[in-house]
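1. Mind folding the following:
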Amino acid sequence: MSMTTNAMDGETSRSLAYSMMAEVGGSPISRRHLHDELLVRLRDCIIDGELPPGAKIPEKDLCERFGVSRTPLREALKVLAFEGLVILNHNRGSIVKPLTLLDLSQAFPIYARLQALAGELACERLTRDEIAAILNLHERMVGYYEKHDARGRALANEQIHERIQNGSRNRNLIQLIRSISGPIRRARTLLNLPPSRLVNDITEHERIMTALERRDAASLSGAIRDHIENTFACVKELLAIPERRTPGRNGNHVGAAQPA
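-> Coordinates of the predicted model:
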């Protein structure tokens, strides 16, 4: 068989493969965008408390709401289960995973160290404009705090940490952080932090911004780690409050946060 014939056979095979992909749902890029967008929306529904801890996942309603079939929805739920946000019960229906002290105790120390490492790397790799944008976000967060806008403050806080971790320019590190951040983001969103913690939160962020502006990697790493560890200490206290605890499946009580 000649090289020309081999090339033609290869081209024919590729054309056939592309045709088959089109028949089963379009190009790979389109499908990936659908999956990513669906995953983001479902994750936000859980983290924002629209789907509260312990709630059954209304698959039919969500499919109608987002205009998708059950297959991509269930694929997204598998990812969220891996992230610790969902419990898969195929026979009885999946549920939003309760926010437990055990899960947070395992996630927070790792999260603190990974975020600290991201900050250390970001000091070297962020551009001046990127640092300026983060500093501006901090000013906006302080403004939201002064206006008692809890949602705006939380969103700005989330964006600050995300931009610092993205500034590490380390894809593996960013993926690791995102894979364990779900329960932590839920804790920050669903629990009403006391005024004393909010004041300290602003002070700790000021320390982070100062280190970032100076590109002081060691100071930034330490400031981020202290900030996250202090947040966890507050979360532990909140989850210890009786009204924020619900019975677990085995009859023992687990710390499951109620929507704020």
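
2. show me where the stretch 1-150 of the chain has helices.
-> 3-23, 28-47, 59-66, 70-82, 101-125, 128-146, 150-166 (DSSP state H, counting those that start in this stretch).

3. That should have said the stretch 151-260 of the chain, apologies.
-> Taking DSSP H, counting those that start in this stretch, the helices of the stretch 151-260 of the chain run over residues 171-180, 182-190, 195-214, 217-239.

4. which helices and strands sit right next to the second one?
-> Helices and strands in packing contact with helix 182-190 are listed as helix 28-47, helix 101-125, helix 150-166, helix 217-239; criterion 3 or more Cβ pairs under 8 Å, 6 or more residues apart in numbering; DSSP states H and E. For glycine as for every other residue, the C-beta is placed from the backbone atoms N, C-alpha and C.

5. so can I have TSV of those helices showing distance to Pro195, mean pLDDT and mean neighbour count?
-> Shown next, in TSV, are those (distance: least, Cβ to Cβ, whole Å; pLDDT from 0 to 100; neighbours: other Cβ atoms under 10 Å):
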stretch	distance to Pro195	mean pLDDT	mean neighbour count
helix 28-47	23	78	15
helix 101-125	22	96	19
helix 150-166	11	93	18
helix 217-239	11	95	19
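
6. Would you reformat those as TSV and include distance to Ile87?
-> Formatted as TSV, the helices and strands packed on helix 182-190 follow (distance: least, Cβ to Cβ, whole Å):
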stretch	distance to Ile87
helix 28-47	12
helix 101-125	11
helix 150-166	24
helix 217-239	19
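
7. what's the domain layout of this structure?
-> 24-96, 101-246 (automatic domain parsing).

8. now the shortest one, how far from the centre of its chain.
-> Here the centre of mass of C-alpha atoms in domain 24-96, compared against the chain's by Cα atoms, centre = their mean, to the nearest Å, lies 14 Å away.

9. Kindly report the same for the last one.
-> The gap between the average C-alpha position of domain 101-246 and the chain average comes to 12 Å, counting by Cα atoms, centre = their mean.

10. Same check on stretch 100-110?
-> So, by Cα atoms, centre = their mean, the centroid of stretch 100-110 is 15 Å from its chain's centroid.

11. my read: Leu85 touches Ile180, true?
-> No. Taking Cβ atoms under 8 Å as the definition, Leu85 is not a contact partner of Ile180, at 10.9 Å.

12. out of those two, which sits in the more crowded spot?
-> Leu85 (23 against 17; other Cβ atoms under 10 Å).

13. If you count neighbours, what's buried in stretch 201-214?
-> The neighbour-count check on stretch 201-214 (16 or more other Cβ atoms under 10 Å) flags Asp201, Ile202, Glu204, His205, Arg207, Ile208, Met209, Ala211, Leu212 as buried.

14. now, which of those residues sits nearest Asn230?
-> Glu204 (6.6 Å; Cβ to Cβ).

15. For the closest one, which non-adjacent residue is closest in space?
-> Nearest residue to Glu204, sequence neighbours excluded (Cβ to Cβ, 6 or more residues apart in numbering): His227, at 4.2 Å.

16. per-residue confidence for Ala240?
-> You'll see Ala240 listed with a pLDDT of 82.
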